[in-house]
Structure formats: C-alpha cells, structure tokens
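1. Next come a sequence and a model predicted from it.
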Amino acid sequence: MSQDRPRQRPKDGALRVVFMGTPRFAAPVLEALNASADVNLCGVFTPPDRSGGRGRLPISPPVKLHALELGLEVHQPPTLRSQQAQALLASLEPDVIVVAAYGRFLPPPVLNLPPGGCLNLHPSLLPRHRGPSPVVTTILEGDSATGVSLMLLDQGMDTGPVIAIRGHQMGGNETAEALTEELFRIGSGLLMENLGPWAQGELTARPQNDDDATVTRKVERDDGRADWSLSAVELERRFRAYTPWPGLYSQWDGKLIKFLDVASLTDESGQGLPAGSVVHLSGPVPLGVVTGSGILALKTVQLEGRNSATAADFLRGYPGIAGALL
C-alpha cells in the first residue's frame, strides 16, 4: 500500500480497528485499543491453537485468551491468503489493522483492505534490526539504546515507511524477555498517540533509508550453546539475549547443564587454563568458567533432570564440577 493512499474519516466517529497479535507481550497493545473510547475493536486475529505438552492438548495463543477475557471476538484462520479469511476481514470493515507480533506476513489483499492501512509496532529503531529477532540482536550487539517504531506495513520484511518512533535507553542488564515487555508497553502508548491523527490524515509516513538497514535472523536452539572462546562479556550478553529461550547451556558429564544466572568478571583470568575450564572463585559465587577473556561466574545452574541450584549448593552436590572442562 502506498504511504500516500488517502484515508477516510470513520463514519460514526469511532475508528474501526482489527488487531492481530500472538504472544502475551502484545497484550498491552490489545488492552490500550480496547480501553479507548475512540476505537471500535471489531475483531482480534491470532494463529490457531496448537498441540503441546505431554498430553498434546490444545494450547491457545496468549492473545486469544486475553481477548476472550475482554469479551472480544476472536478469529484464528490458519492463513490470511485464503479467500475465506480475506472475506471475513472485509466483512469487519476495518478502518485500520493494527499488528503487534502476529508472526505472519500479510498478503497484498489484506495490506490494501483498510483505508488507513496496516500499522505494525516493531521493537527497534528502524531501519536498524529489521526481521524476526530485533530485541535479541539489540542485546547481543551491546546497543546502548533501542526503541519502538510504528510503521506502515508493505510487502517487505519491516521495510515500510515509519509513522513515529520512540527511543528507549538501555540499562545494560536487560534480558530479552524483560526488554520485549517494556518495548511493547512503550509501543502501546506510541500507537494510541498516533493512531487517531494517522487515520485523520494528519501524519505522513517517512520512507526508511535502506542504506542504514540491518537485518536480524531467526534464533535457533543451538544459538544457546556456550562458546567458551568468546569473552565473558559476550557470553553474559548471550545469556541475557537468549532468556527465556533458548537459554545459555553446555554439556557436562554427558548431560545438559543450563546457566540460569551468570555474571562476567573481566578482571579475573583463567591463569593459563583452557577456555571452558570450571574453576573455584573466591567470594559469594564459588564457580566460574574460563572464557576467551575473563571469567563467567555461574550464579545459578540446572543439571538435566534436576532442580535449579545456586552455585554453592550445586558444588556441594557435585564437587566433581570443579576442574571439569565443559
């Protein structure tokens, strides 16, 4: 859809909005839309339930559960490319479609359906960190600031023009989970401040500068495997970036060992030991791992099949960990 496409004033004064989202951190956006007297939230779209757990029972997307609690109408088409799904959307007559972590591309017939277009909240300062893992990549690269972009979707991957941006200063200790929640909370406010003016034609979307663009990739399970040749600082970033999934982990004694809380000690050295060596530490955290530069202190760990434990408790139960090579 062109950024210059004319928009229409809602006939009854309330903006008809369809919301599309999936995970729980999109809930603040849904709540903000539902609470607005200027919005008629005429439908919520989320992916179909999926089977999971030991009993393979149906698991509903968090947005579905939240929408039902609010008494909203929920639709779960397996694809938006079908004529049936597109006809359903058209019957709702949305002025605007709002997307927050829906996780699926919108085909051209959907993009072109609402007069006000399809607006997306992307948790980065576009054009930096386009793609599926902007928050993870923000932490991995040690960015000092991030933010939320309210953009007009087109057929590319986060390539559409930007309506508004709000920055957020990093504290340096955020996990991906906590930062994602914070950014979508900020994004809900950004959306509500700009949604009405956008629909009334008072705002202009600005094209992104593709020369400044960076593109993220999908996070894989193996990304969480600790590479001890990296520095302690980099491994601590990986721990935060991959919380809650896939986490930071390694292998010891033929079992998976997860690191649930860590700290980088840049003033400590392995005294000539190879990277991956588990060493005793002085102070409240008695275990650490030698890295390519510095020591990664292990505050809380979990051995496969066991409960999580502090490093001190784990060392008492498994003294053989000290001196091991992970």
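-> All right, it came through fine. Numbers count the residues shown, from 1 in each chain.
2. Name the single longest strand found in the protein.
-> Once the chain is assigned using DSSP state E, the strand that runs over the most residues is strand 255-265.
3. buried stuff in stretch 220-227?
-> Buried residues in stretch 220-227, counted by 16 or more other CB atoms under 10 Å: D223, G224, R225, A226. For every residue, glycine as well, the C-beta is placed using N, CA and C.
4. need the residues you listed in TSV with secondary structure, can you?
-> What follows is the buried residues of stretch 220-227, written out as TSV (DSSP: H, G, I helix; E, B strand; the rest coil):
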residue	secondary structure
D223	helix
G224	helix
R225	strand
A226	coil
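5. quick one, domains of the protein?
-> Following automatic domain parsing, one finds the domains of the chain at 15-212, 221-321.
6. Save these as a markdown table, and put in mean pLDDT too.
-> Output for the domains of the chain, formatted as a markdown table (pLDDT from 0 to 100):
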| stretch | mean pLDDT |
| --- | --- |
| domain 15-212 | 96 |
| domain 221-321 | 95 |
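7. The stretch 1-150 of the chain: helices as residue ranges?
-> Using DSSP state H, counting those that start in this stretch, the helices of the stretch 1-150 of the chain run over 27-35, 62-69, 83-92, 108-111, 134-140.
8. got those as a markdown table, with distance to H75 and mean neighbour count columns?
-> What follows is these, written out as a markdown table (distance: least, CB to CB, whole Å; neighbours: other CB atoms under 10 Å):
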| stretch | distance to H75 | mean neighbour count |
| --- | --- | --- |
| helix 27-35 | 14 | 20 |
| helix 62-69 | 10 | 19 |
| helix 83-92 | 6 | 14 |
| helix 108-111 | 13 | 17 |
| helix 134-140 | 27 | 24 |
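9. So for M192, which of these sits nearest?
-> Closest of the helices of the stretch 1-150 of the chain to M192 is helix 27-35, at 5.2 Å (criterion: CB to CB).
10. What lies in contact with the closest one?
-> Applying CB atoms under 8 Å, 6 or more residues apart in numbering, the set of residues contacting helix 27-35 from outside is 17, 19, 21, 39, 41, 44, 62-63, 66-67, 70, 72, 98, 100, 121, 184-185, 187-189, 191-192.
11. filter those residues to the buried ones?
-> Burial by neighbour count, 16+ other CB under 10 Å: within these this picks out 17, 19, 21, 39, 41, 44, 62-63, 66-67, 72, 98, 100, 121, 184, 187-188, 191-192.
12. Among these, which ones are in strands?
-> Those of the buried ones among the contacts of helix 27-35 lying in strands (DSSP E): V17, F19, G21, V39, L41, V44, V98, A100, L121.
13. Bridging across strands, which residues link to the fourth one?
-> So the one you mean is V39. L15 (DSSP bridges).
14. Give the full set of residues in contact with it.
-> The contact partners of V39, by CB under 8 Å, 6+ apart, come to A14, L15, V17, L33, L195.
15. ok, now with 10 Å
-> Counting by CB atoms under 10 Å, 6 or more residues apart in numbering, V39 touches 10, 14-17, 19, 32-33, 95-96, 98, 192, 195-196, 199.
16. Same question for the first one.
-> Shown in contact with V17 (CB under 10 Å, 6+ apart): 10, 33-34, 36, 38-44, 92, 94-98, 114, 116, 119, 195, 199.
17. Look up phi and psi at A213.
-> Here is the backbone geometry of A213 (degrees, to the nearest 10): phi -80, psi 140.
18. Assess the claim that it and L125 are in contact.
-> No: in this structure A213 lies outside contact range of L125 using CB atoms under 10 Å: 11.3 Å.
19. For these two, indicate the residue with more neighbours.
-> L125 (21 against 15; other CB atoms under 10 Å).
20. nearest residue to that one other than its sequence neighbours?
-> G147 (4.6 Å; CB to CB, 6 or more residues apart in numbering).
21. Would you check how far apart the one you found and H122 are?
-> The gap separating G147 from H122 is 10 Å, by CB to CB, to the nearest Å.
22. The two: which is more packed in?
-> Ranked by neighbour count (other CB under 10 Å), G147 and H122 place H122 first, with 25 against 20.
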